Structure formats: C-alpha cells, structure tokens
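> just need the structure, nothing else, for what follows:
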Amino acid sequence: MAMHFNLIIEPSTITAIIGPSGAGKSTLLNLIAGFERAKSGRIFIAGADVTYAAPSERPVSMVFQDNNLFAHLDVAANVGLGRKPNLRLDEADKAAIADAIRKVGLAGKEQRKPEALSGGERQRVAIARALVRNRPILLLDEAFASLGPALRHEMLDLVGSLQDETAMTVVMVTHHPDDALRLRSMLVFLDKGKVVASGPAANLLSTGAPTLLRKYLGAEDSGL
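Numbers count the residues shown, from 1 in each chain. Now for the predicted structure:
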C-alpha cells in the first residue's frame with residue numbers, strides 16, 4: 001500500500017498518532033527517525049532537510065515496545081549506552097546518566113540488572129537512555145503497549161512531566177486514544193497511509209470527530 005504523509009508537528013508539543021493496524025503509524029515514525037527512506041517528498045526537522053540524513057545524524061531518540069535493554073548490563077550501564085556506546089564515560093557523562101536515572105524515578109536502582117526490574121521500570125530505563133542522548137525529539141513506538149492500564153498511565157504521566165521540564169517534542173504511536181487526552185496532546189489519525197485528521201485531541205475525540213475517526217473509535221470501544 002502506498003503511503004502519502006503530509007504533516008506538520010509543532011516543536012515542544014506532544015503528538016499522539018492513532019489509526020487501524022497497517023495504517024502507517026510505525027512507518028511514519030521510522031521515516032522521522034531515518035530507519036526508512038521516503039521514495040519522494042522531504043522531511044524537515046527544525047528547518048533542516050533530513051530526508052537523506054542517517055538516523056545518527058538526526059536530533060531524534062526512539063523508544064520501542066521492546067525496550068532493547070542488555071541483560072548483562074545494570075541500569076546505569078544500559079542508560080550509559082545512550083551517552084557513549086563504548087561506555088567510556090567521563091565525569092560529565094556519569095553526571096548526565098545519574099540525572100536521567102533520577103528524572104525517571106530509578107535513583108537507588110543503578111546497579112540492578114533488567115531481570116530484577118518490573119516492566120514499567122525497564123521502560124523507565126529505556127526513556128532514561130533516550131534522555132541522556134540529549135536530543136530534542138522523542139519518538140515512542142507503542143512503548144507502553146505491553147503494560148497494564150495503571151502502569152501505562154504512570155508512564156504517560158512520566159512522559160508528560162519530562163516534556164514539561166525539557167520542552168522536548170514527543171511523538172507517540174498508541175492504540176489507546178485516551179492516552180492523547182491524558183497528555184493533553186495533539187492527535188493525528190491515520191488511515192490507509194494518509195493523515196485523515198489532525199488537531200487537538202480534546203477536539204478530535206469529541207462528538208464532532210470526522211466520520212472515519214468515529215468509526216475507528218467505535219471499533220475500539222466495542223473491542224473489534
């Protein structure tokens with residue numbers, strides 16, 4: 001299926017991307033991150049054309065549903081990989097790592113291995129690793145989908161507080177439209193590889209939602 005995205009995301013905002021399976025949600029994030037290459041068109045970040053830039057050259061960090069932690073490394077080392085992949089850390093690096101661990105609420109657990117952490121704590125480590133990269137854009141690809149409702153809400157609140165503190169731009173793919181309301185975010189609805197609707201979540205998720213979005217929300221509500 002051909003996908004044609006036309007979208008502007010304002011800086012220092014939170015944007016939730018929703019839509020049916022196969023609509024292109026992860027593809028859109030991968031295009032922003034540089035993991036996939038567009039066949040045509042342009043991608044601009046902060047006014048710079050990054051269409052052909054490698055992922056490492058883009059001011060973007062990404063957290064996936066699978067947190068990609070290394071089982072043999074403790075929390076501090078897993079976070080440190082975001083700072084320097086060779087883990088040759090100087091004092092400034094160590095200070096940044098400690099600050100990120102504190103921000104995500106894991107102070108005191110620096111020496112624990114992933115197996116000793118809960119699912120929510122492992123995702124906190126992944127977010128801390130993204131924070132130490134010091135990139136202004138954070139992409140979340142269904143990062144909390146495997147968590148239960150209470151833990152998912154806890155993680156969303158964490159993302160909201162970090163965004164308030166850092167003014168970073170957050171773009172998250174979710175299957176839960178209420179996530180967008182919890183974070184008072186902008187909402188982008190995709191269907192068949194196109195942006196069908198976008199705007200404040202509170203507006204789009206009201207009774208005045210576009211027809212395709214209402215149908216999608218009805219399927220969600222009914223469990224279809």
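
> and this protein, what are its domain boundaries?
Structurally, the chain divides into domains by automatic domain parsing as follows: 1-59+135-224, 71-134.

> of all those, which lies closest to residue 65?
Closest to residue 65 of those is domain 1-59+135-224 (Cβ to Cβ; 4.7 Å). For the C-beta atoms, the positions are set from N, CA and C on the backbone; glycine is no exception.

> lowest-confidence stretch among the domains of the chain?
If you rank those by mean pLDDT, domain 1-59+135-224 sits at the bottom with a mean of 90.

> tell me what the residue most central in space within the chain is bridged to.
When Cα atoms, centre = their mean is applied to the chain, the residue found nearest the centroid is residue 140 (1.6 Å). Here residue 140 sits in beta bridges with residue 63, residue 172, as judged by DSSP bridges.

> show me the contacts for it.
62-63, 159, 170-174 (Cβ atoms under 8 Å, 6 or more residues apart in numbering).

> PyMOL command to pick out the buried ones of these?
Only the buried members of the contacts of residue 140 enter the following PyMOL selection, criterion being 16 or more other Cβ atoms under 10 Å:
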select buried, resi 62+63+159+170+171+172+173+174
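
> residue 19: which of the contacts of residue 140 is nearest?
Lowest distance from residue 19 to those (Cβ to Cβ) belongs to residue 173, with 8.8 Å.

> so who does that closest one touch?
By Cβ under 8 Å, 6+ apart, the contact set of residue 173 is 16-18, 25-26, 28-29, 140-142.

> and those, which two are furthest apart?
Spanning the widest gap among the contacts of residue 173 are 16 and 26, at 13.8 Å by Cβ to Cβ.

> so which of these two has more stuff around it?
Neighbour tally, residue 16 and residue 26, criterion other Cβ atoms under 10 Å: the higher count belongs to residue 16, 26 against 18.

> my read: the more buried one touches residue 172, true?
Yes. With contact defined as Cβ atoms under 8 Å, residue 16 reaches residue 172; the gap is 5.5 Å.

> shared neighbours, those two?
Residues touching both residue 16 and residue 172 (Cβ under 8 Å, 6+ apart) are 179, 185.

> narrow the contacts of residue 173 to those in helices?
Counted as lying in helices by DSSP state H, out of the contacts of residue 173, are 25-26, 28-29.

> residue 214: which of the residues you listed is nearest?
residue 25 (18.6 Å).

> pull up the gap between the residue nearest to the closest one when sequence neighbours are not counted and residue 32, please.
Once flanking residues are discounted, residue 25 sits nearest to residue 173: 4.4 Å by Cβ to Cβ, 6 or more residues apart in numbering. When distance is defined by Cβ to Cβ, to the nearest Å, residue 173 is 11 Å away from residue 32.

> repeat for residue 143
15 Å.

> looking at the two, which is more packed in?
Legend: neighbour count by other Cβ under 10 Å for residue 143 and residue 32, higher for residue 143 (26 against 22).

> quick one: contacts for that one?
Shown in contact with residue 143 (Cβ under 8 Å, 6+ apart): 63-65, 67, 123, 126-127, 155, 172.

> wait, a helix at residue 187?
No. Residue 187 is assigned strand when assessed by DSSP: H, G, I helix; E, B strand; the rest coil, not a helix.

> identify the residues contacting it.
15-16, 18, 177, 180, 197-201, 204-205.

> which residues of this structure fall in strands?
Remark: strands assigned in the chain by DSSP state E are 14-18, 44-45, 48-49, 60-64, 137-141, 169-173, 186-191, 194-200.
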